[in-house]
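Enquirer: mind looking at a prediction? Sequence and model below.
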Amino acid sequence: MPRGEPGPNQERGYKATLHNPNVSKTAKENAARVLQETYGEQNPYETPSRRGSASSEESEGGGDGGGRSFGKYGSEPVPSSRGGERNRTNVVRGLKAATHNKSNTEMGRQQAARKLEELGESSD
């Protein structure tokens, strides 16, 4: 397939986006637009199960008013050791896993525990 042309895997990805309850409404609308414009899908966002009913995001609601919940750690970005930013939830999860991983050295587990303390979390 020539470079730059959309392939079947991209189409599958857009369709999966439409059916994933963890994807934002904006992302679903974008996926529907791409499927209509690129693949000729006729209104793929409105599936038979969704016609005439509120979306799962609207009916479930979230804690933040946007229909999404970011878990108990929050999702604000935190600085990474390489100069970029990372999702706080993922950083905390990784550090907690590192503190409990017996394959890590004792010093590595201690470093992870210190970083968790800096973020205001415990390694429980």
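Expert: Thanks, I have it. Residues are numbered from 1 along each chain as shown.

Enquirer: from here on, contacts and neighbour counts on C-alpha atoms
Expert: Fine.

Enquirer: okay, and the helix or strand of the chain with the least pLDDT?
Expert: helix 56-60 (a mean of 40; mean pLDDT, DSSP states H and E).

Enquirer: how about residues contacting the helix or strand just after that one?
Expert: Downstream of helix 56-60, the first helix or strand assigned by DSSP states H and E is strand 77-79. Strand 77-79 is contacted from outside by 85, 86, 87, 88, 91, using C-alpha atoms under 8 Å, 6 or more residues apart in numbering.

Enquirer: recalculate using a threshold of 6 Å.
Expert: 85, 86, 87, 88 (C-alpha atoms under 6 Å, 6 or more residues apart in numbering).

Enquirer: got the buried residues for that strand?
Expert: residue 78 (16 or more other C-alpha atoms under 10 Å).

Enquirer: that one: partners in the sheet, and parallel or antiparallel?
Expert: strand 85-87 (antiparallel) (DSSP bridges).
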